[in-house]
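Asker: sequence and predicted structure, then a few things I'm wondering about:
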Amino acid sequence: MNISKEQVDLLVLDLLKLHLEEIEVDEEEFLDLLKGSLSLSLTEKKRVIDAVPELSQFQFDELKKVFLEEREKFRELAQAHPEDIKKLLVKQQQEWIELGEVYLLEQEKNNTKGQDEQKIDDIKKSLGL
């Protein structure tokens, strides 16, 4: 399964827009901060994205604050350990693509499930059930 970084960005951005209506968040900035996190694993990033529909304003604000602090700390570390940070960046970029693939597989699975349920409903109707 091939997916580009840009496609992953769009996919995740759509998921980030599923937050509660009363929540004020710059989805594109949040996407950039989440994507750029070097300390969160693929699984942890997915957990954040999946939790978006239930996150409060406070939780969004705190996550943003943590992501900004993390970014600053890694900038400082990059001066002392540039090679280590480069390795983390490569890993982060690979995991971002993997995250997109995980979401594509989930969408595919949900589409197949929906089609199967529709077939079952059609069969029930044809049998008069």
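Answerer: Sure thing, it's come through. Computed from a predicted model, the values in this text were never measured in an experiment.
Asker: tell me which element E21 falls in.
Answerer: E21 belongs to no helix or strand when elements are defined using DSSP states H and E.
Asker: can you list the weak-confidence ranges in the chain?
Answerer: When residues are selected by pLDDT under 70, those of the chain lie in 1, 113-114, 116.
Asker: so in it, which helix runs the longest?
Answerer: The helix spanning the most residues in the chain, taking DSSP state H as the definition, is helix 82-126.
Asker: by contact count, what packs against it?
Answerer: Based on contacts counted as 3 or more CB pairs under 8 Å, 6 or more residues apart in numbering; DSSP states H and E, the elements that helix 82-126 packs against are helix 5-16, helix 27-36, helix 42-51, helix 57-80. Backbone N, C-alpha and C define where each C-beta goes, glycine included.
Asker: what separation do you get for T43 and I97?
Answerer: Spatial separation of T43 from I97 under the definition CB to CB, to the nearest Å is 15 Å.
Asker: and those two? which has more neighbours close in?
Answerer: Higher neighbour count among T43 and I97: I97, with 17 against 10, using other CB atoms under 10 Å.
Asker: hang on, the more buried one packs against K5?
Answerer: Yes - between I97 and K5 there is a contact at 6.6 Å, judged by CB atoms under 8 Å.
Asker: how many neighbours does E22 have?
Answerer: Close neighbours of E22, defined as other CB under 10 Å, add up to 7.
Asker: can you check I49 too?
Answerer: Using other CB under 10 Å, the number of residues around I49 comes to 19.
Asker: which ones are touching it?
Answerer: I49 makes contacts with 12, 15-16, 34, as judged by CB atoms under 8 Å, 6 or more residues apart in numbering.
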